[in-house]
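[1] Sequence and predicted structure, then a few things I'm wondering about:
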Amino acid sequence: MDNVFQNLTDHHIEAGDTIKLYRIVGFQPDKDKEIAPIADHKQTEIPEGEYLLFLNGGYDEEVGHARWFPNTPNQLFKATGGDSGTEYKNVFVSDEIPSITEEDVLDAI
């Protein structure tokens, strides 16, 4: 992590920490049921790069470590390297929020 703008969880994270990121792509209500997709199945690959992540999660007693999940399953914001270096473009196909800047995020929190 390069920056942590806001952390509303009970698990302490700070700049410089490394986290495990999990991406939920579907949900199977019962073992005999089909998996219901949550995210577009064509958008499961995450290319290497710098991202602006909106996460939920924290320490999970069952697995014995912290688990972090993006709370925007159909949006993934990758740094574009613009003039200010703080603009992030949604690399998944979505017209809802095509891009965002760090300033937008700081204004919202």
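    Nice, I can see it.
[2] Now name the helix or strand holding the nearest residue to Leu55 once chain neighbours are set aside.
    Residue nearest to Leu55 in three dimensions, not counting chain neighbours: Trp68, with 4.6 Å by CB to CB, 6 or more residues apart in numbering. Every C-beta, even on glycine, is put in place using the N, C-alpha and C of the backbone. Using DSSP states H and E, Trp68 sits in strand 65-70.
[3] where's the most centrally placed residue in the chain relative to Glu62, distance?
    Note on the chain: the residue nearest the mean C-alpha position is Pro70, at 3.1 Å, using CA atoms, centre = their mean. The gap separating Pro70 from Glu62 is 20 Å, by CB to CB, to the nearest Å.
[4] Give the next helix or strand downstream of the strand holding Trp68.
    Per DSSP H and E, the first helix or strand lying C-terminal to strand 65-70 is strand 77-79.
[5] Partner strands of the helix or strand following that next one, with direction?
    Downstream of strand 77-79, the next assigned helix or strand under DSSP H and E is strand 87-90. Strand 87-90 has the following strand partners under DSSP bridges: strand 77-79 (antiparallel), strand 99-101 (antiparallel).
[6] What segments of the chain are helices?
    Ranges of helices within the chain are 102-108, based on DSSP state H.
[7] Count the residues that sit near the closest residue in space to Ala36 that isn't next to it in sequence.
    Leaving out its chain neighbours, the residue that sits closest to Ala36 by CB to CB, 6+ apart is Phe27, at 5.1 Å. Residues lying near Phe27 (other CB atoms under 10 Å) number 10.
[8] Alright, calling it a day.
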